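Student: predicted coordinates and the sequence they were generated for:
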Amino acid sequence: MLSQDARIAVNLLWCVPGDVGGSEEYLVRQLVGLAEAAPHVRPTLYVVDGFVDAHPHLAELFPTIVAPFGGASRSRRIAGEITWFRRQASAADLRHHGGGTAPLGATRPYVLTIHDLQYRTFPEYFTRRKRTYLATMIGRSVRRARLVAVPSEYVRASVIEACRVDESQVRVVPHGFEPGLLSDITDEGVLRERYGLDDRPVIVYPAVTNPHKNHQFLIDLLATAWHEVDVLLVLIGGSGSAEAAVRSAADPRIRRLGRVPAADRNGLLKMAEAMVFPSQYEGFGAPLIEAMALGCPVIASDSTCIPAIVDGAGLVLPLRAEVWADALDRASRDRASMIAAGLRRSQAFTARASGEALAAVYVDAMEPA
């Protein structure tokens with residue numbers, strides 16, 4: 001058990017709200033869960049300007065220090081980790097670097113969180129410079145870390161293989177959903193009026209428009225296997241490098257809403273006939289669990305960690321149009337059983353369970369080497 005006197009410094013300087021996708025939600029929910037699972041532990045959070053406004057509840061739970069530099073400049077953030085954060089956290093017993101890499105000269109001991117190793121699976125989505133940086137910095141950071149936290153067994157195996165570290169050094173700290181997910185829900189009627197959704201059935205895909213999220217697969221399905229399906233495909237999430245291609249899709253059944261408030265996202269999932277999730281790569285896939293918790297049937301690809309996360313509680317299909325052709329019919333026919341299975345599966349991924357796993361990593365990381 002962690003002592004209430006344990007001094008833990010959490011480096012969140014990499015986390016520019018709205019810019020880093022699911023990794024932001026992953027760490028935020030872990031920390032919310034930590035406060036529930038181990039309320040006597042109060043790590044100090046080091047954040048950039050704007051983080052407190054985006055996550056005021058965390059600032060209420062833990063001491064939070066805002067850096068004197070903003071989050072807009074990546075080079076300034078990296079420099080700040082090497083200098084400012086190192087000085088600020090000099091008295092800590094343990095440091096937690098949550099962004100996948102530890103800064104050069106990072107004081108030990110530290111815990112490192114790695115969200116995924118997508119750059120190895122899809123190098124074509126990264127510049128050569130970025131691939132070289134990630135390969136060098138992640139490998140170095142892992143080898144110097146006391147423990148490495150990852151969101152899934154898939155990422156755990158990937159890190160062990162890529163970085164050639166002992167299996168005991170890499171621990172799974174799963175995603176978790178917050179209790180507020182189930183109460184912070186915009187009414188269906190409000191959503192239909194707000195976003196111009198008529199009375200047709202809705203299917204939802206919540207994902208940043210990055211290439212590996214594979215929005216094009218759904219667009220092509222609407223043009224082929226689903227060309228006669230009377231449904232609205234609602235795409236929510238931030239803009240990525242494939243945004244222009246998604247925006248150019250001419251099908252009038254597509255609604256590209258962009259980023260929406262959390263309550264609207266939750267309401268859209270709750271009202272949906274299904275959440276469709278054709279991603280080619282996930283370190284965890286938090287929307288899978290969120291949809292299940294909200295009673296939304298899941299239709300997903302069989303890529304990377306997704307089959308293990310869904311674990312029979314949804315349709316997991318190869319990314320081939322002919323296989324997905326009747327997926328919506330199957331989800332409609334089996335809706336009640338899919339919802340029940342999803343609700344059961346989601347209970348393994350609460351914020352508290354995530355916080356308990358993080359607390360266990362902190363305990364072991366603070367044991368004498």
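Tutor: That came through fine. Numbers count the residues shown, from 1 in each chain.
Student: next up, phi/psi of Arg95, please.
Tutor: Main-chain torsions, Arg95, degrees, to the nearest 10: phi -120, psi 150.
Student: quick check, pLDDT for the residue nearest to it when sequence neighbours are not counted.
Tutor: Leaving aside its chain neighbours, Arg95 sits nearest to Tyr110 (4.2 Å; criterion: Cβ to Cβ, 6 or more residues apart in numbering). Any C-beta I mention is one placed from the backbone N, CA and C, and that applies to glycine too. Predicted confidence (pLDDT) at Tyr110: the value is 97.
Student: list the contacts for Tyr110?
Tutor: Leu94, Arg95, His96, His97, Ala102, Arg144, Ala145, Arg146, Ala365 (Cβ atoms under 8 Å, 6 or more residues apart in numbering).
Student: ok, residues contacting stretch 154-164?
Tutor: Stretch 154-164 is contacted by residues 114-117, 120, 138-139, 142-143, 148, 150, 165-167, 170-172, 283-284, 304-305, 308 when judged by Cβ under 8 Å, 6+ apart.
Student: any of those buried? List them.
Tutor: Buried by 16 or more other Cβ atoms under 10 Å: 114-117, 138-139, 142, 148, 150, 165, 170-171, 283-284, 304-305, out of those.
Student: just give me the closest of these to Asn214.
Tutor: Of all those, Thr304 has the smallest distance to Asn214: 12.0 Å, by Cβ to Cβ.
Student: how close does that closest one get to His215?
Tutor: 17 Å (Cβ to Cβ, to the nearest Å).
Student: picking up where we left off before, phi, psi of the residue nearest to Arg95?
Tutor: Torsion angles, degrees, to the nearest 10, at Tyr110: phi -140, psi 150.
Student: what of Thr107?
Tutor: Torsion angles, degrees, to the nearest 10, at Thr107: phi -70, psi 140.
Student: the contacts of stretch 154-164 in helices, which ones?
Tutor: Of the contacts of stretch 154-164, the ones assigned to helices by DSSP state H are Arg120, Ile138, Gly139, Val142, Arg143, Ala308.
Student: correct me, but the second one touches Ile114?
Tutor: Yes: contact between Ile138 and Ile114 holds when scored by Cβ atoms under 8 Å: they sit 6.8 Å apart.
Student: need the overlap of contacts for those two.
Tutor: Taking Cβ under 8 Å, 6+ apart as the contact criterion, the residues that touch both Ile138 and Ile114 are Gly100.
Student: and the nearest residue to His55 once chain neighbours are set aside, helix, strand or coil?
Tutor: Nearest non-adjacent residue to His55, counting by Cβ to Cβ, 6+ apart: Val28, 5.6 Å away. Three-state assignment for Val28 (DSSP: H, G, I helix; E, B strand; the rest coil): helix.
Student: can you report how many residues lie near Val28?
Tutor: 21 (other Cβ atoms under 10 Å).
Student: where do the strands sit along the protein?
Tutor: Assigned by DSSP state E, the strands in the chain fall at 8-11, 44-47, 64-66, 94-97, 110-113, 147-150, 170-172, 202-206, 232-236, 254-258, 274-277, 298-301, 315-317.
Student: wait, which of those strands is closest to Arg344?
Tutor: With Cβ to Cβ as the yardstick, what comes closest out of the strands of the chain is strand 298-301 (12.9 Å).
Student: ok now the closest one, how far from the chain's centre?
Tutor: Distance of strand 298-301 from its chain centroid, counting by Cα atoms, centre = their mean, to the nearest Å, is 16 Å.
Student: wouldn't Gly50 be in contact with Leu13 here?
Tutor: No: Gly50 is beyond contact range of Leu13, at 11.8 Å (criterion: Cβ under 8 Å).
Student: Ala54 reaches Val16, doesn't it?
Tutor: No: between Ala54 and Val16 there is no contact under Cβ under 8 Å: 9.5 Å.
Student: the more surrounded of the two?
Tutor: Val16 (20 against 14).
Student: just the buried members of the contacts of Tyr110?
Tutor: Leu94, Arg95, His96, His97, Ala102, Ala145, Arg146, Ala365.
Student: looking at those, which is nearest Ser183?
Tutor: Nearest to Ser183 among those, with distances taken as Cβ to Cβ, is His96, at 29.5 Å.
Student: residues in contact with that closest one?
Tutor: By Cβ under 8 Å, 6+ apart, the neighbours of His96 are Ile8, Ala9, Val10, Asn11, Pro43, Tyr110, Val111, Leu112, Thr113, Tyr362.
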